[in-house]
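Peer 1: Whatever this is, show me its structure:
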Amino acid sequence: MALALNKLSARAVATITKPGRHGDGGGLYLVVDKSGAKRWVFLYRRDERLREMGLGGLNAVTLAKARELAAAARSDLQGGIDPIDARRSAPTAVPTFGQEADDFIEAMKPQFRNAKHIAQWEMTLREYAAPLRPKPVNEIATADILEVLKPIWLTKPETASRTRGRIERVLDASRAKGHRTGENPALWRGHLDKLLPKRRKLSRGHHAALPYAEVSEFIAALRKRQAIAARALEFTILTAARSGEVFGATWGEISRNAGVWTVPAERMKAGIEHRVPLPPRALDILREMAMLGAEHHAYVFPGRKEGRPLSVMAMDMVLRRMKIPVTVHGFRSSFRDWCGEASTFPRELAEAALAHVVGDQTERAYRRGDALEKRRKLMVAWANYCEPRTSNVIQMNRSKGA
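Peer 2: Reported below is the predicted structural model:
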């Protein structure tokens with residue numbers, strides 16, 4: 001019986017988002033991880049055991065190339081050769097930077113705090129390091145690194161610094177595998193610091209913030225926008241949460257009856273579970289979002305693609321379209337300034353609302369509770385302060401969501 005091959009189309013490969021294995025036939029599978037990352041594997045049986053041979057990430061291996069590799073593996077099996085053993089015994093080809101970057105991210109996933117960090121690494125090494133991806137790692141030199149960094153070094157200093165550091169780590173891993181020798185061309189101290197100008201230092205509080213006295217007027221304008229991203233931004237402001245916490249929020253974390261959003265430790269910057277008391281307007285937003293579906297594992301603020309959260313840039317784009325020169329993170333500063341200058345709530349309560357770790361280990365041990373009900377009064381007061389004098393809630397249209 002002939003094998004059923006080539007079941008996947010190029011479009012399907014590009015658009016599939018459901019986590020799991022998606023078969024192309026003949027043992028070739030596209031694996032979609034929970035983070036959204038995609039990779040190719042070849043599954044086969046040898047000595048009554050199911051074996052899995054990785055063929056590379058989708059960024060480095062096309063559908064056509066994956067089929068070629070799978071065909072070669074099937075040919076080995078027909079000849080009585082184990083494909084994995086054959087690959088191990090074959091002369092080692094020097095991988096490209098793209099292959100090494102994808103492999104590095106895959107290997108390091110357990111150390112990343114959440115899917116957002118994985119996505120940031122993948123985007124940086126795919127977009128900004130694009131000129132390096134097709135080059136064999138043993139041929140990458142200082143000039144290649146400068147080609148990547150110079151266009152963004154002064155205009156996007158933080159991005160440039162992170163890109164450099166991530167390239168350095170990938171090349172260090174490649175050297176550890178024996179694919180490179182010599183000094184790392186992405187090294188900063190004693191190398192690139194002699195070739196690139198010093199980056200402009202960011203001033204304290206570099207996340208541009210809206211003065212708290214203007215937040216109410218801003219929210220009045222925000223509510224006129226019929227977009228999921230606009231609802232997510234208002235929810236972020238009212239809860240003083242980080243944008244990543246809101247993007248990753250699922251209905252399983254929300255108790256609308258108790259008026260509490262519990263963010264698990266693995267999604268928090270400090271690695272500690274954080275309970276957020278929800279003021280009435282935040283609950284109104286949740287009721288609005290529940291009209292789009294409130295299954296336990298569904299995202300509270302869904303993106304355009306099924307099973308995916310809102311884009312990490314969605315709220316920033318709302319601010320850009322409104323021509324408000326602030327950052328989403330800056331609203332946490334607005335909240336903190338309001339707490340300190342316009343309210344009578346103690347500093348410790350404001351810091352707890354922001355999920356900041358306050359005090360030394362001994363002090364934190366004695367402060368066992370999280371002052372949830374005291375923080376509820378704080379968040380209700382903040383929400384009341386943010387409430388426009390006249391407010392009309394606009395019903396959403398899902399098609400205009402992300």
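Peer 1: Apart from its neighbours in sequence, what residue is nearest G252?
Peer 2: Once flanking residues are discounted, G252 sits nearest to H296: 4.4 Å by C-beta to C-beta, 6 or more residues apart in numbering. In this view, the C-beta of every residue, glycine as well, is placed from N, C-alpha and C.
Peer 1: For the one you found, grab the count of nearby residues.
Peer 2: 9 (other C-beta atoms under 10 Å).
Peer 1: quick one: it from T250, how far?
Peer 2: Applying C-beta to C-beta, to the nearest Å, the value for H296 to T250 is 7 Å.
Peer 1: got it, and S75?
Peer 2: With C-beta to C-beta as the criterion, S75 and T250 are 45 Å apart.
Peer 1: So which of those two has more stuff around it?
Peer 2: Counted by other C-beta under 10 Å, S75 and T250 do not tie: T250 has more neighbours, with 17 against 12.
Peer 1: pretty sure that one is in contact with A294, am I right?
Peer 2: No. T250 lies out of contact with A294 (C-beta atoms under 8 Å); the separation is 9.7 Å.
Peer 1: Low-confidence regions, the stretch 51-200 of the chain specifically.
Peer 2: The stretch 51-200 of the chain contains residues with pLDDT under 70 at 90-92, 113-114, 116, 199-200.
Peer 1: ugh, typo on my part, it should be the stretch 251-400 of the chain
Peer 2: Within the stretch 251-400 of the chain, the segments meeting pLDDT under 70 span 357-369, 390-400.
Peer 1: buried residues in the longest helix along the chain?
Peer 2: Looking across the chain with DSSP state H, the single longest helix is helix 157-176. If you call a residue buried by 16 or more other C-beta atoms under 10 Å, then helix 157-176 has these buried ones: A160, T163, R164, R166, I167, E168, R169, V170, L171, A173, S174, R175.
Peer 1: just stretch 252-261 next, same as before
Peer 2: E253, I254, G259, W261.
Peer 1: Dump it to CSV, restricted to CA.
Peer 2: Extracted in CSV, the C-alpha atoms of stretch 252-261 (Å, rounded to 0.1, in the frame of the first residue of the first chain):
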residue,chain,number,x,y,z
GLY,A,252,-9.0,29.9,34.5
GLU,A,253,-7.2,32.7,36.4
ILE,A,254,-10.3,34.8,36.9
SER,A,255,-12.9,34.4,39.7
ARG,A,256,-15.6,36.9,38.7
ASN,A,257,-17.7,35.9,41.7
ALA,A,258,-14.9,36.8,44.1
GLY,A,259,-13.7,39.7,42.0
VAL,A,260,-10.1,38.3,42.0
TRP,A,261,-7.6,37.6,39.2
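Peer 1: Need the contact partners of it.
Peer 2: 239, 249, 262-264, 275-278, 283, 286-287, 296-297, 300, 372, 376 (C-beta atoms under 8 Å, 6 or more residues apart in numbering).
Peer 1: ditto for stretch 135-148
Peer 2: 94-97, 100, 128-129, 131-132, 163-164, 167, 171, 174, 179-181, 185-186, 191-192, 195-196.
Peer 1: for it, the distance to its chain's centre please.
Peer 2: 26 Å (C-alpha atoms, centre = their mean, to the nearest Å).
Peer 1: distance between the ends of it?
Peer 2: With C-alpha to C-alpha, to the nearest Å as the measure, stretch 135-148 spans 13 Å from end to end.
Peer 1: And it, what's buried?
Peer 2: For stretch 135-148, a neighbour-count test (16+ other C-beta under 10 Å) marks P136, V137, I140, D144, I145, L146, V148 as buried.
Peer 1: Now for the fourth one, which secondary structure element holds it?
Peer 2: Just to be clear, that refers to D144. helix 142-149 (DSSP states H and E).
Peer 1: So what angle separates the directions of that helix and helix 157-176?
Peer 2: 150 degrees (axes from the mean of the first three to the mean of the last three C-alpha atoms, to 10 degrees).
Peer 1: How far does helix 142-149 sit from its chain's centre?
Peer 2: The chain centre lies 26 Å from the centre of helix 142-149; the measure is C-alpha atoms, centre = their mean.
Peer 1: Please apply the same query to stretch 172-191.
Peer 2: That offset, for stretch 172-191, works out to 27 Å (C-alpha atoms, centre = their mean).
Peer 1: Neighbours of V94, how many?
Peer 2: 15.
Peer 1: what does K34 give?
Peer 2: K34, neighbours per other C-beta under 10 Å, totals 11.
Peer 1: How about the one 10 residues further on?
Peer 2: Under the neighbour criterion other C-beta under 10 Å, Y44 is assigned a count of 19.
Peer 1: Could you find the closest non-adjacent residue to it?
Peer 2: G27 (5.2 Å).
Peer 1: Can you classify G307 as helix, strand or coil?
Peer 2: Under the three-state scheme (DSSP: H, G, I helix; E, B strand; the rest coil), the conformation of G307 reads as coil.
Peer 1: What's the separation between it and I118?
Peer 2: The value you get for G307 to I118, if C-beta to C-beta is used, is 16 Å.
Peer 1: Please compare the two by neighbour count and tell me which comes out ahead.
Peer 2: Set side by side, G307 and I118 show more neighbours around I118, with 20 against 15, by other C-beta under 10 Å.
Peer 1: helix or strand for the more buried one, which one?
Peer 2: Applying DSSP H and E, one finds I118 within helix 115-123.
Peer 1: Could I get the buried residue list for that helix?
Peer 2: A115, K116, I118, A119, Q120, W121, E122.
Peer 1: quick one: contacts of it?
Peer 2: Counting by C-beta under 8 Å, 6+ apart, 34-37, 59, 105, 108-109, 112, 162, 166, 244, 247-248, 312 sit against helix 115-123.
Peer 1: ok, 7 Å please
Peer 2: Helix 115-123 has contacts (C-beta atoms under 7 Å, 6 or more residues apart in numbering) with S35, A37, I105, K109, F112, R166, G244, F247, G248, V312.
Peer 1: Just the C-alphas of stretch 17-25, formatted as CSV.
Peer 2: Output of stretch 17-25 as CSV, limited to C-alpha atoms (Å, rounded to 0.1, in the frame of the first residue of the first chain):
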residue,chain,number,x,y,z
THR,A,17,-1.6,27.4,15.6
LYS,A,18,-3.1,24.4,17.5
PRO,A,19,-0.4,22.8,19.7
GLY,A,20,0.5,19.2,18.9
ARG,A,21,1.7,17.1,16.0
HIS,A,22,0.4,17.7,12.5
GLY,A,23,1.2,14.9,10.0
ASP,A,24,2.4,15.4,6.5
GLY,A,25,2.6,11.7,5.9
